[in-house]
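Peer 1: Got a sequence here, can you model it:
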Amino acid sequence: MTGRRLLLIEDEARIAAFLVKGLEGEGCEVVVAEDGEVGLYLATAESFDAVILDIGLPGMHGVEVLRGIRGVRPALPVVMLTARDEPDARAACVQAGASGFVTKPLVFADLREELASCFGRDGG
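Peer 2: Numbers count the residues shown, from 1 in each chain. Next comes the predicted model:
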């Protein structure tokens, strides 16, 4: 994943710091947004290789952010994060156009695998 520019939309500082550390360790540049409205603005106004998007966000729900991204950037990979392992949440994300889905508690290897599948099996 070296050289990828990623947008992380996550309101929990501890989780964001964990993900930034791991993704930067993979050679990625990571921009963090702490709420849905800012995340949607960044995802549609700037250039990113992928977005990692939490479902439960202040300001705007993650599924709504995803729909907004899809309206402007339909091909941008978006991997959803959620603490809820509910079939309805997953179905809503898939219906809105999610590229992948990772459940919290988060295992970094699962996120890395989802991103790699977005970029092609070599992850690069």
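Peer 1: For the rest of this, base every contact and every neighbour count on C-alpha atoms.
Peer 2: OK.
Peer 1: roughly how far is the helix or strand where A91 lies from the heart of the chain?
Peer 2: In the assignment (DSSP states H and E), A91 maps to helix 87-96. Helix 87-96 has its C-alpha centroid displaced from the chain centroid by 14 Å (CA atoms, centre = their mean, to the nearest Å).
Peer 1: go on, stretch 68-84?
Peer 2: 7 Å.
Peer 1: Report the mean confidence score over it.
Peer 2: In this model, stretch 68-84 has a mean pLDDT of 92.
Peer 1: Please point out which parts of stretch 83-94 sit buried.
Peer 2: Across stretch 83-94, burial judged by 16 or more other CA atoms under 10 Å covers R90, C93.
Peer 1: re earlier: touching the helix holding A91 from outside, list them.
Peer 2: The contact list for helix 87-96, computed with CA atoms under 8 Å, 6 or more residues apart in numbering, reads V63, L66, R67, R70, M80, F101.
Peer 1: where in this protein is pLDDT low?
Peer 2: Applying pLDDT under 70 to the chain picks out residues 84-85, 121-124.
Peer 1: which other helices and strands contact the helix or strand just after the helix holding A91?
Peer 2: Going down the chain from helix 87-96, the next helix or strand is strand 100-103, by DSSP H and E. Here strand 100-103 touches strand 78-82, helix 108-119, going by 3 or more CA pairs under 8 Å, 6 or more residues apart in numbering; DSSP states H and E.
Peer 1: again, 6 Å this time
Peer 2: Counting contacts by 3 or more CA pairs under 6 Å, 6 or more residues apart in numbering; DSSP states H and E, strand 100-103 packs against strand 78-82.
Peer 1: residues touching the spatially most central residue of the chain, list them.
Peer 2: Compute the mean C-alpha point of the chain, and by CA atoms, centre = their mean the closest residue is I52, 1.0 Å away. Contact analysis of I52 by CA atoms under 6 Å, 6 or more residues apart in numbering lists L8, V78, V79, M80.
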